[in-house]
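Novice: okay, sequence plus prediction incoming.
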Amino acid sequence: MNSDCLIQDAPAESAASVTPLLCTVYGPEARPHGFQALAAEWNDLVRRARFNSIFLTYEWQTTWWESIGQGELWIVAFRCPQSKALVGIAPLFLHTIETGVDAGKRQFNLVGCIEVSDYLDVIAEQGREAEIYAAFLAWLHSADAPAWDVVDLCNLPEASLTYREIPAQAARYGFHADVIQEDTAPQFALPLRYETYLQDQVEKKHRHEIRRKQRRAEREAAIGLYLVGPEHLLEAEVDDFVALQRASRADKADFMTPQMRRFFLAIAQRMLEAGWLRLFFLTIDGEKAATLFAFEYDRRFWLYNSGYDPDAHAQLSPGWVLVGYAIQYAIASGCRVFDFMQGDEEYKYRFGATDYKVMRVTLRR
C-alpha cells in the first residue's frame, strides 16, 4: 500500500487511519468523459481488484454503454493524494425509474447493470476497499453529487467486499442499505486433466452420461468443433449464434431483441479484438448444431450464452456434447475456473458446478 494513502501519526486506537482520497467526478458534461479520461489506467486497476471481472474491463463497460446505456454517465475516480495513483472507480449512470413502486425516483446503477453483465462492482484495488467505499459514500452524501434517491449496486460477486462493508459505512451517513442474494453463478475449479475432472468432480451417473453422449455423437455422425477467429466473417457467425440461441427456448427468443442482437455483435467484435472471445459451434455432419458464446480471460472460462436447435439432431444431445468439449478446451488452455455464470439451470450441476453467490446492495436516503 502506498504510504501517501495513510496518515502516519495515526491515533492510538487505530493502527492506521486512511487519508481522504482524491475524488474526481466525470459527469455527463465532462470533456473528455470518464471512460476517455481513464482509458489508459482502467484495465490495470481492474486486474488489481479482488475479483478481476471481464464485465468491468474497459472493453465491456464502454461497449455496454455505447450499445444499451441510458440516462447520464457519472464516473467517479479515486486517487491517492500525493502519488495520484488510481485506486478506485465507481462507474455509474443516473436515470429516472419509470415503473413500479419507485417510479419517478432518480437511481444510480453500475454501468452494465443489470441484464447482460454477470459480475459488476465498484472497482477497487484489493486492500483499499474500505478507503474507496468511504470516499464513494462521502461523495454521494455531498452537495457535489447530483440529486438521487436510490443507488443500486447489482451483480456483486461473492468475493466482493462491497456487500459486506458498505452497509455499515452507509449507516453513518443516514443511508438505509438492503443486502440480498440476487442470484447464483454455478462454477467449478478445473484440474490439469479432463479425466481427473470427470472422475473427481462429477457424480458417477452424470459422468457416465457425459461420456455416453459424447461417444454416441462421435460414433453416429461426423462431429466438428468450430471456433470463430479473425479469419471468419464475424457478423455472419454472430447471426448463426443468434439463430441457434433463439431456437433454444422461448425466453431466449424473447431476450434476443434487435437491440440485443446489435449488442452481441458489438461485444463479439470488441472481445475478438482483445483476444478474449470464444465463440464455439458444434457441427454435426457439417451443419452447425449447437453454440457457446464464451470468453477466456484471466485463466477463467466464462460461459456467457448458448443455443441449439432442439428439433435438429436432438437424439445426439448437441448442447451437452459441446459443453463437454468446451471443458476439455478450457483445461487444455490452462484455465483454472469454468464459470457457467448466472442462472441455476439443472444441467450446470450435472457437470459438477457448485453455487457461487451473486449479491446486491441497494442504498436509499
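Specialist: Ah, there it is. Residues are numbered from 1 along each chain as shown.
Novice: next SSE after the helix or strand bottoming out on mean pLDDT in the chain?
Specialist: Ranked by mean pLDDT, DSSP states H and E, the weakest helix or strand in the chain is helix 250-255, scoring a mean of 91. For helix 250-255, the following helix or strand on the C-terminal side (DSSP states H and E) is helix 258-274.
Novice: taking helix 258-274 as reference, get the angle to the helix or strand following that next one.
Specialist: Going down the chain from helix 258-274, the next helix or strand is strand 277-284, by DSSP H and E. Counting by axes from the mean of the first three to the mean of the last three CA atoms, to 10 degrees, strand 277-284 lies at 110 degrees to helix 258-274.
Novice: you'd agree E296 is up against G334?
Specialist: No: the pair E296 / G334 is not scored as a contact, 9.3 Å apart, by CB atoms under 8 Å. Where C-beta positions appear, they are placed from N, C-alpha and C, glycine not excepted.
Novice: how about residues contacting the least confident helix or strand of the chain?
Specialist: Here helix 250-255 makes contact (CB atoms under 8 Å, 6 or more residues apart in numbering) with 245-247, 307.
Novice: repeat the analysis, applying 7 Å as the threshold.
Specialist: Contact with helix 250-255 is made by 245-246, 307, as judged by CB atoms under 7 Å, 6 or more residues apart in numbering.
Novice: same question for stretch 286-301.
Specialist: Taking CB under 7 Å, 6+ apart as the rule, stretch 286-301 contacts 52, 54, 222, 240-241, 244-245, 271, 276-283, 302-309, 312-313, 318-319, 322, 326, 330, 333-339.
Novice: next one: stretch 257-269
Specialist: Contacts of stretch 257-269 (CB under 7 Å, 6+ apart): 63, 67-68, 116, 234-235, 238, 242, 277, 279.
Novice: put the alpha carbons of that stretch into PDB.
Specialist: The C-alpha trace of stretch 257-269 is given here as PDB (Å, rounded to 0.1, in the frame of the first residue of the first chain):
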ATOM      1  CA  THR A 257     -34.400  -8.400 -29.500                       C
ATOM      2  CA  PRO A 258     -32.900  -6.400 -32.400                       C
ATOM      3  CA  GLN A 259     -31.100  -4.100 -29.900                       C
ATOM      4  CA  MET A 260     -29.700  -7.100 -28.100                       C
ATOM      5  CA  ARG A 261     -28.500  -8.700 -31.300                       C
ATOM      6  CA  ARG A 262     -26.600  -5.500 -32.100                       C
ATOM      7  CA  PHE A 263     -25.100  -5.600 -28.600                       C
ATOM      8  CA  PHE A 264     -23.900  -9.200 -29.100                       C
ATOM      9  CA  LEU A 265     -22.300  -8.300 -32.400                       C
ATOM     10  CA  ALA A 266     -20.600  -5.200 -30.800                       C
ATOM     11  CA  ILE A 267     -19.300  -7.100 -27.800                       C
ATOM     12  CA  ALA A 268     -18.200 -10.000 -30.000                       C
ATOM     13  CA  GLN A 269     -16.100  -7.600 -32.100                       C
END
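Novice: ok so, going back, I'd like the contacts of stretch 257-269 as CSV, with pLDDT appended.
Specialist: Shown next, in CSV, are these (pLDDT from 0 to 100):
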residue, pLDDT
T63, 98
S67, 96
I68, 94
V116, 94
L234, 98
E235, 97
V238, 98
V242, 97
L277, 98
L279, 98
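Novice: just the buried members of those?
Specialist: 63, 67, 116, 234, 238, 242, 277, 279 (16 or more other CB atoms under 10 Å).
Novice: what about those, which are in strands?
Specialist: 277, 279 (DSSP state E).
Novice: what's the most distant pair in the buried ones among the contacts of stretch 257-269?
Specialist: V116 and L234 (18.5 Å; CB to CB).
Novice: so of the contacts of stretch 286-301, which ones are in strands?
Specialist: 277-283, 302-308, 337-339.
Novice: what subset of those residues is buried?
Specialist: For these, buried by 16+ other CB under 10 Å: 277-283, 302-308, 338-339.
Novice: just flag the most distant two among the residues you listed.
Specialist: The widest separation within those (CB to CB) is 24.9 Å, between T283 and D339.
Novice: where does K84 sit: helix, strand or coil?
Specialist: Under DSSP: H, G, I helix; E, B strand; the rest coil, K84 falls in the coil class.
Novice: skipping adjacent residues, who's closest to it in space?
Specialist: Closest residue to K84 apart from its sequence neighbours, by CB to CB, 6 or more residues apart in numbering: L22 at 7.2 Å.
Novice: residues contacting that neighbour?
Specialist: 78-79, 81.
Novice: now the contacts of helix 250-255 in TSV, with pLDDT and distance to E41?
Specialist: Formatted as TSV, these follow (pLDDT from 0 to 100; distance: CB to CB, whole Å):
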residue	pLDDT	distance to E41
Q245	96	35
R246	94	39
G307	95	37
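Novice: of those residues, closest to Q199?
Specialist: For those, the nearest to Q199 is G307 (29.7 Å; CB to CB).
Novice: so that closest one bridges to which residues?
Specialist: T291 (DSSP bridges).
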